[in-house]
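Asker: Take a look and give me a structure for this.
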Amino acid sequence: MNATPPIDALGLAAGALTTIAFVPQIVRIVRLRHADDLSWWTFGTFALGVALWLVYGLRLDAMPIIVANIVTLGLALVILILKGWYRNGGHASPPPARDPRR
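Answerer: Sure thing, here's the model as predicted:
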């Protein structure tokens with residue numbers, strides 16, 4: 001088994017950090033049940049750019065670029081889907097009532 005070259009480890013670390021940055025946004029959208037403050041144009045353009053980075057990484061056979069952009073594209077698409085879902089009413093139910101004893 002080949003060890004991961006240091007430069008690939010650096011790329012994987014960078015990709016992991018920039019990718020997980022979208023998780024709090026997804027959590028926020030789900031918690032608030034809306035994404036009106038997010039721009040379709042911005043996230044659509046971003047998703048297209050990430051898809052192109054993925055193609056670039058595939059052409060170079062650069063695993064850090066491939067892995068990071070597959071996950072990032074998935075997260076960006078989740079954000080776009082949630083934005084559309086909640087914009088169209090979705091199946092969002094009201095938040096659960098708080099227990100007054102807490």
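Asker: For Ser39, what are phi and psi?
Answerer: Main-chain dihedrals, Ser39, degrees, to the nearest 10: phi -90, psi 130.
Asker: tell me the mean pLDDT over the longest helix along the chain?
Answerer: Counting by DSSP state H, the longest helix found in the chain is helix 63-87. Helix 63-87 comes out with an average pLDDT of 94.
Asker: buried residues in it?
Answerer: Neighbour-count burial for helix 63-87 flags 64-73, 75-76, 78-80, 82-83, 85-86 (criterion: 16 or more other Cβ atoms under 10 Å). Glycine gets a C-beta too; all of them are placed from N, C-alpha and C.
Asker: what's next to that helix, contact-wise?
Answerer: 8, 10-12, 14-16, 18-19, 22-23, 25-26, 29-30, 33-36, 38, 40, 43-44, 46-47, 50-51, 53-54, 56-58, 92 (Cβ atoms under 8 Å, 6 or more residues apart in numbering).
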